[in-house]
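Peer 1: mind looking at a prediction? Sequence and model below.
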Amino acid sequence: MRIAVFGANGPTGRQLTDQALATGHEVVAVTRRPRSIPARPGLTVAVADATDPEDVDATIGGTDAVLSALGARFSKETITTYSASATAITGAMARHGIKRLLTVSSSIADPNWRPSGAHFFNHVLDPLVNRRLGRTLHEDMRRMEAVIRRTDLDWTLVRPSGLFDHSAVTTYHTAEDSADGVFTARTDLAASMLHEMAEQRYVRTAMGVITTAVKPNIAKLIWNEGVKKK
Ligand SMILES: NC(=O)c1ccc[n+]([C@@H]2O[C@H](COP(=O)([O-])OP(=O)(O)OC[C@H]3O[C@@H](n4cnc5c(N)ncnc54)[C@H](OP(=O)(O)O)[C@@H]3O)[C@@H](O)[C@H]2O)c1
């Protein structure tokens with residue numbers, strides 16, 4: 001298949017691109033920073049601001065599916081990256097007759113998600129980090145989900161839990177709406193999206209995905225996600 005990957009230079013987008021190329025797909029890597037993506041056979045790099053309808057329209061023609069790993073940083077201000085890009089991407093897909101869309105959201109978007117056995121996370125980290133510091137980001141993620149749900153595309157909202165970097169794909173778990181776990185390796189997130197793109201088990205619904213086979217080093221996670229990425 002020929003796949004458009006949005007957020008292609010982000011850490012999940014890189015995994016999506018690498019894994020898709022490795023399994024024989026062609027990839028159109030959509031990014032604002034083309035020089036950050038090395039050229040490889042099967043790869044086309046397209047420059048676009050994902051929130052700009054004309055930019056997006058010009059990049060996705062001729063693709064069979066669209067995968068988005070777009071993201072924004074926490075901010076006190078209103079965030080629109082998720083909803084604006086969803087509007088631009090779904091509009092362009094409808095115009096080009098492309099049906100299959102998989103978009104990264106978050107377990108937080110499921111109001112019932114409370115991972116079992118995670119007392120400190122549920123009562124301290126989640127309220128403080130996700131619901132307070134990440135409030136405006138998750139509000140826009142919910143707007144993005146609403147935009148996508150209103151379309152008649154074959155969409156899947158992909159909801160990982162706390163993301164971390166790991167060197168290999170593990171035996172990840174998926175579930176409808178959200179999965180019962182605190183962490184998701186980006187390798188597993190990408191693998192689950194590519195698998196679901198073809199399998200179509202979670203079409204027009206949300207797919208939670210979690211990693212349980214390995215656990216992140218918490219100090220490294222805080223450094224990578226909270227300090228280094230700012
Ligand atoms: N961190 C977590 O624990 C966690 C948990 C659940 C869900 N998520 C979600 O998972 C997704 C992937 O996260 P990640 O940490 O792997 O990636 P990320 O660091 O959030 O990367 C986001 C990517 O989106 C691109 N982007 C943002 N705005 C854009 C725009 N207007 N036009 C084009 N590209 C744009 C960025 O490109 P530039 O380099 O040009 O900015 C970057 O490549 C995000 O949506 C995140 O919110 C994260």
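Peer 2: All right, it came through fine.
Peer 1: the residue of the chain most remote from its centre and the ligand, how far apart?
Peer 2: Centroid-distance maximum for the chain: residue 119 at 26.1 Å, with C-alpha atoms, centre = their mean. Separation of residue 119 from the ligand (C-beta to the nearest ligand atom, to the nearest Å): 19 Å. Yep, even glycine has a C-beta here, placed from its N, CA and C like the rest.
Peer 1: kindly report the same for residue 103.
Peer 2: Distance from residue 103 to the ligand, by C-beta to the nearest ligand atom: 9 Å.
Peer 1: may I have the beta-bridge partners of the closest residue to that residue other than its chain neighbours?
Peer 2: Among residues not flanking residue 103 along the chain, residue 68 sits closest, at 4.4 Å (C-beta to C-beta, 6 or more residues apart in numbering). Beta bridges link residue 68 to residue 6, residue 103 when assigned by DSSP bridges.
Peer 1: so what's the residue count around residue 68?
Peer 2: 28 (other C-beta atoms under 10 Å).
Peer 1: residues from the chain in reach of the ligand?
Peer 2: Within the chain, the positions adjacent to the ligand are 7, 9-13, 32-33, 49-51, 69-71, 81, 104, 106, 160, 162-163, 186, 225 by C-beta under 6 Å from any ligand atom.
Peer 1: out of those residues, which end up buried?
Peer 2: Among those, those classed as buried by 16 or more other C-beta atoms under 10 Å are 7, 9-13, 49-51, 69-71, 81, 104, 106, 160, 162-163, 186, 225.
Peer 1: mind checking which of the residues you listed are in strands?
Peer 2: Using DSSP state E, the subset of these located in strands is 104, 160, 162, 163.
Peer 1: nearest to residue 110, out of those residues: which one, please.
Peer 2: Closest approach to residue 110 among these (C-beta to C-beta): residue 160, at 11.6 Å.
Peer 1: I'd say that closest one and residue 107 touch.
Peer 2: Yes - Residue 160 is in contact with residue 107 according to C-beta atoms under 8 Å; the separation is 6.7 Å.
Peer 1: now do the shared contacts for the two.
Peer 2: Common contacts of residue 160 and residue 107 (C-beta atoms under 8 Å, 6 or more residues apart in numbering): 208, 210.
Peer 1: ok, which stretches of the chain are strands?
Peer 2: Under DSSP E, the chain gives strands at 2-6, 26-31, 43-47, 65-68, 100-104, 154-160, 162-164, 173-176, 183-185, 205-210.
Peer 1: show me where the chain dips below the pLDDT cut-off.
Peer 2: Low-confidence segments of the chain (pLDDT under 70): 229-230.
Peer 1: middle-most residue in it, spatially?
Peer 2: Central residue of the chain (C-alpha atoms, centre = their mean): residue 104, 2.4 Å from the mean position.
Peer 1: tell me the two of the ones in strands among the buried ones among the residues of the chain next to the ligand that are most distant?
Peer 2: The most widely separated members of these, counting by C-beta to C-beta, are 104 and 162 (13.2 Å).
Peer 1: surely the residue nearest to the centre of the chain and residue 82 touch.
Peer 2: No - using C-beta under 8 Å, residue 104 makes no contact with residue 82, being 9.5 Å away.
Peer 1: any common contacting residues for those two?
Peer 2: residue 70.
Peer 1: ok, the ones in strands among the buried ones among the residues of the chain next to the ligand vs residue 28, which is closest?
Peer 2: residue 104 (17.3 Å).
Peer 1: no further queries at this time; thank you.
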